[in-house]
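> quick one: sequence and predicted model below, then my questions.
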Amino acid sequence: MQTQYTLGYSSASVSFVERRRLRRDGDFFLPFLTSGMQVLDCGCGPGSLTCDIASEVNPGQVFGLDAAASQVALARARAARLALNNVRFEVGDVYALPFETGQMDVVFSHALLEHLSDPVAAMREFHRVLKPGGAMGVRAPDWGAFLYSPETPEFLEAIRCFTERQNANGGDVRCGHRLRDYALKAGFEQVRPHATFEVFDPLSEIIDLLRNQCLQQGHTAHVRALDEWATLPGAMFAEAWVSCVGIKAL
């Protein structure tokens with residue numbers, strides 16, 4: 001099941017992902033992380049969240065998995081800079097995890113499922129590699145609940161261009177509100193969803209990412225629309241995130 005990662009691996013995309021940290025973007029899962037456990041982070045990207053998890057569960061072992069070799073290389077370099085010896089990064093397929101059944105205490109995944117054509121199949125793999133009683137924590141955005149102000153037609157068209165492209169690539173920009181349903185279908189119990197907003201300040205954090213996507217597609221009119229919108233008084237962009245925790249039955 002091949003899907004294309006819409007954000008790609010430009011410097012703007014990598015910087016956008018690398019800014020994520022566990023105590024801000026994965027705080028919903030902190031109660032499930034304890035010292036000494038084995039943890040899998042699926043879709044680890046450049047490893048900022050994974051390395052934070054490794055520090056949290058040390059001396060436990062953390063595995064970071066990503067489909068892109070370039071991101072695994074960045075993650076390994078980050079771990080080396082931080083002198084973390086309890087984290088290992090591998091290139092792998094989320095639909096066929098290279099781990100034994102029942103090997104992991106917890107499985108974590110941030111901003112991956114919205115890029116997949118079959119999130120339930122991925123969650124079933126999460127379920128397989130978990131020990132009985134183990135926890136899964138996932139987080140994904142839902143563009144159906146994003147907040148923008150002001151809603152100019154040109155800006156909304158630029159946003160629609162991006163979301164339609166991600167859906168065409170095999171993902172689902174409205175994955176967030178479906179996480180609980182997916183987790184139940186994958187066999188998890190005690191599934192609890194939670195929703196929050198991330199307000200971008202400065203706006204350049206999100207606008208730089210989106211304008212880079214438009215530039216890559218040659219959509220110069222959308223680039224202008226994003227640039228103009230970002231200069232408007234009172235401009236606000238809030239991303240809706242849904243997190244979900246599920247437990248594998250004993």
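Here it is on my side, so go on.

> poorly predicted segments of the protein, please.
Scanning the chain with the threshold set as pLDDT under 70 gives 1-3.

> how about the helices in it?
With DSSP state H as the criterion, the chain has helices at 11-18, 22-25, 48-57, 69-81, 119-129, 153-168, 179-185, 204-216, 220-230.

> right, and the ones you listed - which one's nearest residue 92?
helix 69-81 (9.0 Å; CB to CB). C-beta coordinates here come from the backbone N, C-alpha and C atoms, glycine included.

> sorry, back to before: can you put the helices of the chain in TSV and add distance to residue 37 and mean neighbour count?
Below are these laid out as TSV (distance: least, CB to CB, whole Å; neighbours: other CB atoms under 10 Å):
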stretch	distance to residue 37	mean neighbour count
helix 11-18	25	17
helix 22-25	14	16
helix 48-57	5	23
helix 69-81	18	17
helix 119-129	13	21
helix 153-168	33	16
helix 179-185	20	19
helix 204-216	32	18
helix 220-230	42	17
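
> can you put these in TSV and add distance to residue 33?
Output for the helices of the chain, formatted as TSV (distance: least, CB to CB, whole Å):
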stretch	distance to residue 33
helix 11-18	20
helix 22-25	8
helix 48-57	5
helix 69-81	17
helix 119-129	16
helix 153-168	30
helix 179-185	19
helix 204-216	26
helix 220-230	36
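
> so which of those helices gets nearest residue 237?
Taking CB to CB, helix 204-216 is the member of the helices of the chain nearest to residue 237, at 5.4 Å.

> the helices of the chain: which one's closest to residue 34?
The closest of those to residue 34 is helix 48-57. By CB to CB, the value is 6.6 Å.

> now the closest one and helix 69-81, what's the angle there?
40 degrees (axes from the mean of the first three to the mean of the last three CA atoms, to 10 degrees).

> packing partners of helix 48-57?
Helix 48-57 sits against helix 22-25, strand 39-42, strand 62-66, helix 69-81, strand 87-91, strand 104-110, with contacts defined as 3 or more CB pairs under 8 Å, 6 or more residues apart in numbering; DSSP states H and E.

> ok, the closest residue to residue 36 other than its chain neighbours - contacts?
Spatial nearest neighbour of residue 36, chain neighbours left out: residue 60 (4.6 Å); criterion: CB to CB, 6 or more residues apart in numbering. Residue 60 sits next to 34, 35, 36, 37, 38, 39, 86, 105 when contact means CB atoms under 8 Å, 6 or more residues apart in numbering.

> again, 10 Å this time
With contact taken as CB atoms under 10 Å, 6 or more residues apart in numbering, residue 60 is in contact with 33-39, 53-54, 86-87, 105-106.

> among the helices of the chain, which is nearest residue 99?
Evaluated over those, closeness to residue 99 peaks at helix 119-129, with 4.6 Å, by CB to CB.

> give me the helices and strands touching that closest one, please.
The contact analysis (3 or more CB pairs under 10 Å, 6 or more residues apart in numbering; DSSP states H and E) places helix 119-129 against strand 39-42, strand 104-110, strand 130-141, helix 179-185, strand 236-247.
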